[in-house]
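Trainee: Quick one: sequence plus predicted model below, questions after.
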Amino acid sequence: LQWWGDQCIKPGIEAVFMINPKNGKETQLTTRNIVNKALEAGNHGKLQHFYNVSFPWPKKSLMLITLPDKYIVYDFDYREVISTRPLPKEGANRDYHPETGHVAYTIGNNLYVDDRAVTNEPEGIVCGQAVHRNEFGIKKGTFWSPSGNLLAFYRMDQSMVAQYPLVDVTAPIAEVNNIRYPMAGMTSHQGKVGIYNPTTGKSIYLNAGDPTDRYFTNISWAPDEKSLYLIELNRDQNHAKLCRYDVETGELTATLFEEKSDKYVEPQDPIIFLPWDNSKFIYQSQKDGFSHLYLYDTNGRQIRQSTEGDWLVKEVLGFDTKKKEIIIASTDHSRVDSFHEIGYQVVTQGDTKEVSGDESFWGVQKGVNLPVFYHGKVIAAVGISGDVEEARKYAALAQKITTILLRERELEARGSQKRSKISYM
């Protein structure tokens, strides 16, 4: 499942559907046969399913099709291919920007953008890939600016790190593959952050000083693309700094604030600017003992702690720009195992129940509660808390998504059982 603007998209094998969040109604957008006719007409091959299709353009009838050797932009209203972006099959770590069509990828240990080599480094120096052993929330090595005009990327020099042999026993004759791995107390790799301009074809590197025993993580762009933010962490992992760099010169313009601990500091998430105010951002930290959100301005002043309690913020899911609210996933278990009177009525009666006021019923907040039917039986209730008019818009979608997830879990279980039987035979 994914979002296309305010609509939910459910991909499948033979077709892809749009789900109206207000009522849960499904509308077929297109089918695999229709898309494949357009693809075959342009000698682009065939689409096997819609699971590798995305919808990054909220107000346009376009889908992005990812194939092993190309990206394809397809218009499902006009049933035609709009554009293609060929890629080398050996390209890895792909990073596509939907507004510009630029694609960053790696071949071996070097970085490329749109078939142009960004780096030309020898073995032992890796560019455009995740660094620091994928710790501190690092999952990738390239970061497009908001409008796609610039690309920040990692450069990791591990030539000074000792090689460690791994034996591949799956080959007919066992093979030794060496990797560079810094054992505890031994020399670690050195990281840098570069900024590449696809228009000029030139790169600069941030002037962060000697990178020895320093980690650079949680990279994020300023909305105006004039600054790059990152968190610098020492090797002892007890001192972090939020730093801002000028993207034209690579010079440090400010250390907004620092965070220290006698035990450890573990930054996991880049700062997130508020969609309605480019002068403020959300910073996630465990400095009060739990992972919570803090609101800062671009001068490094903490405005307030936005969430608090004996629970963790797991993820920032998005924003409600109309209400200027943050949507989060958390581990707040305060209502787990408590009795929900309306939920009980929904399950036993099979009807939708709306509650206009908090605590009108035992353990209940205002909102909309719907039954979840599966194989003709009510098996659960799903509720959306909040103003009834607002909650009603999303309750049907929550009900539909829950049913879809249950169905997918059942199909996965059947497939696993079938594979086990085949393996046994």
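Mentor: Cool, got the structure.
Trainee: Kindly confirm whether my reading is correct that residue 168 touches residue 177.
Mentor: Yes. Counting by C-beta atoms under 8 Å, residue 168 does reach residue 177; the two are 5.8 Å apart. To be clear about C-beta, it is placed using only N, CA and C from the backbone, and glycine gets the same treatment.
Trainee: Would you map the strands across the stretch 1-150 of the chain?
Mentor: All strands of the stretch 1-150 of the chain, identified by DSSP state E, counting those that start in this stretch, fall at 2-4, 7-11, 15-19, 26-31, 53-54, 62-67, 70-75, 80-86, 92-96, 103-107, 110-113, 116-117, 125-127, 142-144.
Trainee: would you list every one of the helices in the protein?
Mentor: Taking DSSP state H as the test, the helices found in the chain are 32-41, 341-349, 388-424.
Trainee: got the buried residues for the longest one?
Mentor: Taking 16 or more other C-beta atoms under 10 Å as the basis for neighbour counts, the residues of helix 388-424 that come out buried are 390-404, 406.
Trainee: The least confident helix or strand in the chain by mean pLDDT versus strand 15-19: what angle between them?
Mentor: Ranked by mean pLDDT, DSSP states H and E, the weakest helix or strand in the chain is helix 388-424, scoring a mean of 73. Counting by axes from the mean of the first three to the mean of the last three C-alpha atoms, to 10 degrees, helix 388-424 lies at 150 degrees to strand 15-19.
Trainee: counting contacts, what elements does helix 388-424 pack onto?
Mentor: If you count contacts as 3 or more C-beta pairs under 8 Å, 6 or more residues apart in numbering; DSSP states H and E, helix 388-424 packs onto strand 7-11, strand 15-19, strand 353-355, strand 367-374, strand 377-385.
Trainee: and these as CSV, adding mean pLDDT?
Mentor: Compiled in CSV, these are given as follows (pLDDT from 0 to 100):
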stretch, mean pLDDT
strand 7-11, 89
strand 15-19, 93
strand 353-355, 85
strand 367-374, 86
strand 377-385, 84
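Trainee: what sits against the closest residue to residue 262 other than its chain neighbours?
Mentor: Closest residue in space to residue 262, ignoring its immediate chain neighbours: residue 238 at 7.1 Å, by C-beta to C-beta, 6 or more residues apart in numbering. Counting by C-beta atoms under 8 Å, 6 or more residues apart in numbering, residue 238 touches 260, 261, 262, 263, 264, 265.
Trainee: Now with 6 Å, please.
Mentor: By C-beta atoms under 6 Å, 6 or more residues apart in numbering, the residues touching residue 238 are 261, 264, 265.
Trainee: how close does the first one sit to residue 307?
Mentor: In this view, residue 261 and residue 307 are 19 Å apart by C-beta to C-beta, to the nearest Å.
Trainee: Between the two, point out the one with more neighbours.
Mentor: Neighbours per residue (other C-beta atoms under 10 Å) separate residue 261 from residue 307, with residue 307 holding more: 18 against 13.
Trainee: Quick check on the more buried one: phi, psi?
Mentor: phi -130, psi 150 (degrees, to the nearest 10).
Trainee: Look at it and report its pLDDT.
Mentor: The model reports residue 307 with a pLDDT of 94.
Trainee: Wait, it touches residue 293, no?
Mentor: Yes. Contact criterion C-beta atoms under 6 Å: residue 307 and residue 293 qualify, at 4.8 Å.
Trainee: Which one of the helices and strands packed on helix 388-424 lies nearest to residue 204?
Mentor: Smallest distance to residue 204 across the helices and strands packed on helix 388-424 (C-beta to C-beta): 38.6 Å, for strand 7-11.
Trainee: List the residues that contact residue 98.
Mentor: Residue 98 neighbours (C-beta under 6 Å, 6+ apart): residue 56.
Trainee: ok, how many other residues are close to the spatially closest residue to residue 227 that is not a sequence neighbour?
Mentor: With sequence-adjacent residues excluded and distances taken as C-beta to C-beta, 6+ apart, residue 227 is closest to residue 244, at 5.1 Å. Burial of residue 244 is recorded as 18 neighbouring residues (other C-beta under 10 Å).
Trainee: Is residue 244 bridged to anything, and to what?
Mentor: Beta bridges link residue 244 to residue 229, residue 254, judged by DSSP bridges.
Trainee: What pLDDT does the model give it?
Mentor: For residue 244, pLDDT reads 98.
Trainee: contacting residues around it?
Mentor: Neighbouring residues of residue 244 by C-beta under 6 Å, 6+ apart: 227, 229, 253, 254.
Trainee: what about the last one, how many neighbours?
Mentor: Right, the one you point to is residue 254. Residue 254 is flanked by 15 other residues according to other C-beta under 10 Å.
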